[in-house]
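> Just a sequence and a predicted model for now, questions to come.
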Amino acid sequence: MPAKKSILITEESILKRNHKKPRHTCFINTIIGCILIKLVFLVIAAKYSLIYGRLSANNTSPLPRFDNESCHSFNDGQTNSNLTSLVSPSKVHKVFLNFRGEQLRYNFVSHLTDAFERHRIKFFIDKYEQRGKDVKHLLVRIEESSIALAIFSTRYPESSWCMDELVKMKKLVDQGKLRVIPIFYKVEPKDVRNPNRGSEFGRNFWRLAELVSTTSRREQIKHWLEALECICDKLGLSLGEKSSESDFVYDIVKRVKDAIGLEEEEKSFLGENIKKKSEVSLRLCKKISGDWTGNQRFRSS
C-alpha cells in the first residue's frame, strides 16, 4: 500500500506540474497588456483631437474691440462659423488680417472680406473701434489663427500696433505655428523690406520710430525691422497702382485656399500615421496572442 500511495502521489504531482502555466506566460501577458493600452491611448488621442477642435470652433469667445491706434485686425466671422475644418486641436482655419484700418477698411479690405465670406473662409477682422483696449487681446487672436495676411500699404507703419502684430507673427512663423502671406497694396516690396526716407512707407516708419525712440524702446524698433525683413522674404502678392483690385482679391482668395489645402494635407498625414500605428499594434497583439495560444496547445498535448 505505501508503494502504491507513493506512485499515486508521483502521478498526481506530474499531472499538476504539467498543467502549471509556463514561466514566460506572465511576461507575454504583460507585453500584450502594454500594447493594448498603447493602442487604446492612440484611439482616444485621435478622437480627443477631433472633439476638442470642434469645441474650439464652436466656442470662440466674443472678440474685443480696439481703438484707432490698432491695426484693427479682426471680426469673429460669425457668418463663417459653420466651417469646422481643423488644423490642430487648438486651431481652426482662421485667417488673421493685419492692415491699417484708417486707410483700407472701407475699400480694399471690405471687398476682400466679402470674398472670404462667399468662399466660406473663416477670418478675423474688427469691424468696430473702441478706445482703451489692450494689444494683448489682439496677439491672442494671432495665436488662434493658422494663416495671417500682412497687408502692407503706405500708411501701415503709422500704427505701432500694426508693427507689434507683425513682430508676433514673425515669432510664430519662426516656431512653425503660423503661415504668413505678405500682401503689398500699392507699395513696393523693397520699400517695405528696407524702409528708408526715400519712400512714403519708409518716411512713415521712421516718423513712428522717432516717437518711440527712447532708451527702453530702441529694442522694439529693432524687432520691427527684423519682422519687416522676415515677412517680406515670404512669397507674397503685389498690387500696382494701375492693377485690377478685383483680380487681386481673387488671387488672394486662391492663395489662402491653397494654404488651407496644405494644412489639410498635413492633418490628413497625421491621421494616417495614427491609423497605421494602431493597425500595426493590433496585428502585433494578434500575432503574440496566436503564438501564445499555439504554445499552450502544444504543451497541453
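Cool, the structure landed.
> Thr96 in helix, strand or coil?
Just so we're on the same page, residue 96 is Phe rather than Thr. Recorded secondary structure, Phe96: strand (DSSP: H, G, I helix; E, B strand; the rest coil).
> tell me the pLDDT at it?
pLDDT, Phe96: 94.
> Thought Ala148 was touching it, still the case?
Yes. In this structure, Phe96 is within contact of Ala148 by Cβ atoms under 8 Å, at 4.2 Å. For the C-beta atoms, the positions are set from N, CA and C on the backbone; glycine is no exception.
> shared neighbours of the two, which are they?
Shared contacts of Phe96 and Ala148, defined by Cβ atoms under 8 Å, 6 or more residues apart in numbering, are found at 142, 169.
> Tell me where the stretch 151-300 of the chain has strands.
Ranges of strands in the stretch 151-300 of the chain, per DSSP state E, counting those that start in this stretch, are 179-185, 237-239.
> Tell me which of the ones you listed sits most buried.
Of all the strands of the stretch 151-300 of the chain, strand 179-185 has the most neighbours on average by mean count of other Cβ atoms under 10 Å, namely a mean of 22.
> Give the partner strands of that one in its sheet and their orientations.
strand 147-152 (parallel), strand 237-239 (parallel) (DSSP bridges).
> In TSV: those, plus mean pLDDT and distance to Ile221.
Output for the strands paired with strand 179-185, formatted as TSV (pLDDT from 0 to 100; distance: least, Cβ to Cβ, whole Å):
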stretch	mean pLDDT	distance to Ile221
strand 147-152	97	17
strand 237-239	96	25
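> Compare those and give me the one nearest Leu225.
strand 147-152 (14.0 Å; Cβ to Cβ).
> so that closest one versus strand 94-98, what angle?
20 degrees (axes from the mean of the first three to the mean of the last three Cα atoms, to 10 degrees).
> which outside residues touch strand 147-152?
Residues from elsewhere that reach strand 147-152 (Cβ under 8 Å, 6+ apart): 93-100, 104, 108-109, 142, 166, 169, 178-185, 187, 192, 201, 231, 252, 256, 259-260, 263.
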